[in-house]
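Chemist: Dropping a prediction and its sequence here:
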Amino acid sequence: MVKPLVRAAVLAGLSVLVVACQGQVKVKLDNSIGLATYDNLGLIEQKPIGIGLVVGDDVRNAVTEAVVQAGVNSIRYTMPVGEALATRLVTALVFQFQRVQLLKEPVLPSDGSLDALMIVKIKDLDTTVKISPKWNTVSTESSGWIEVEATLKDRDNNIVWIGTSRAEAEAAQESIMVVGSQDAGVAVSQAIEKTVAKLVSQLAASSSLREFIARSGQGS
């Protein structure tokens with residue numbers, strides 16, 4: 001049996017949770033590299049070329065949102081997918097190529113440091129979130145999915161390779177009070193990590209990339 005004072009404290013905490021979660025919550029997505037990336041990348045071998053990763057404003061500013069009803073109110077979770085996607089792409093490409101530069105426009109630098117451009121687009125993106133407040137914690141179930149397309153072009157704007165990658169993830173978290181607001185983005189973070197690793201792995205294993213490296217005179 002819960003003592004009256006303890007019950008009052010718990011109920012007060014839940015009231016804080018409901019008030020704090022009204023309106024809009026910006027969720028910070030995880031940009032770090034975990035085991036899922038290494039599992040999907042497989043053999044990591046740096047190629048002797050430079051890649052310019054083109055991430056335009058449409059991708060950089062991409063967000064996904066989920067609206068959850070909390071009684072008479074609603075919580076809108078906003079997740080900055082573009083930032084997490086670009087960060088993870090740069091990291092994964094650094095594993096695979098000797099030189100990597102993040103670009104906003106599809107223009108190669110004049111210094112000759114880069115050999116090709118990789119242009120990225122988001123083809124599909126969505127998420128769902130469900131929250132269940134308990135005595136002194138909140139349970140958060142989330143799902144996320146993302147599909148990314150990348151095109152690799154040489155200096156003459158010829159297409160070297162085109163690839164698509166899609167990943168889905170589900171997550172269940174339980175956290176204390178308002179800390180749980182960040183749990184809404186766990187599944188989306190996992191989906192981004194998986195789709196980035198699979199995309200870069202496809203590129204690294206493609207025969208068209210090997211042929212391009214050979215033509216450029218930089219293959220072994």
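Modeler: Arrived safely.

Chemist: other SSEs contacting the longest helix along the chain?
Modeler: The residue-count maximum for a helix in the chain (DSSP state H) belongs to helix 186-205. Packed against helix 186-205 by the contact rule (3 or more C-beta pairs under 8 Å, 6 or more residues apart in numbering; DSSP states H and E) you find helix 35-41, helix 81-96, strand 116-133, strand 137-153, strand 159-176. In short, each C-beta sits where N, CA and C put it, glycine included.

Chemist: Could you say which one of these comes nearest to residue 210?
Modeler: Smallest distance to residue 210 across those (C-beta to C-beta): 10.3 Å, for strand 159-176.

Chemist: Can you check what angle separates the closest one from helix 186-205?
Modeler: Strand 159-176 and helix 186-205 are oriented at 160 degrees to each other (axes from the mean of the first three to the mean of the last three C-alpha atoms, to 10 degrees).

Chemist: Report the buried residues of strand 159-176.
Modeler: Using 16 or more other C-beta atoms under 10 Å as the burial criterion, the residues of strand 159-176 that qualify are 160, 161, 163, 165, 166, 167, 169, 171, 173.

Chemist: what's near enough to touch the residue nearest the centre of the chain?
Modeler: Compute the mean C-alpha point of the chain, and by C-alpha atoms, centre = their mean the closest residue is residue 192, 3.2 Å away. The contact partners of residue 192, taken as C-beta atoms under 8 Å, 6 or more residues apart in numbering, are 29, 81, 84, 85, 88, 144, 146, 167.

Chemist: Out of those residues, who's the most crowded?
Modeler: The residue in the contacts of residue 192 with the most neighbours, by other C-beta atoms under 10 Å, is residue 144 (28 neighbours).

Chemist: Could you report the pLDDT at it?
Modeler: pLDDT for residue 144: 95.

Chemist: would you list the buried residues of strand 159-176 in CSV and tack on distance to residue 201?
Modeler: Shown next, in CSV, are the buried residues of strand 159-176 (distance: C-beta to C-beta, whole Å):
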residue, distance to residue 201
160, 16
161, 13
163, 9
165, 9
166, 14
167, 12
169, 17
171, 23
173, 28
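
Chemist: per-residue pLDDT, the residue nearest to residue 30 when sequence neighbours are not counted?
Modeler: The spatially closest residue to residue 30, leaving aside those adjacent along the chain, is residue 189, at 4.1 Å (C-beta to C-beta, 6 or more residues apart in numbering). Note on residue 189: pLDDT of 94.

Chemist: now do residue 15
Modeler: At residue 15, the model reports a pLDDT of 39.

Chemist: before we move on, what about residue 180?
Modeler: Looking at residue 180, its pLDDT stands at 63.

Chemist: ditto for residue 158
Modeler: If you check residue 158, the pLDDT there is 96.

Chemist: I'd like to know the phi and psi angles of it, please.
Modeler: Here is the backbone geometry of residue 158 (degrees, to the nearest 10): phi -80, psi 140.

Chemist: Can you tell me the number of residues neighbouring it?
Modeler: Neighbour number of residue 158 under other C-beta under 10 Å is 10.

Chemist: Kindly provide the distance from it to residue 209.
Modeler: Note on residue 158: its distance to residue 209, by C-beta to C-beta, to the nearest Å, is 13 Å.
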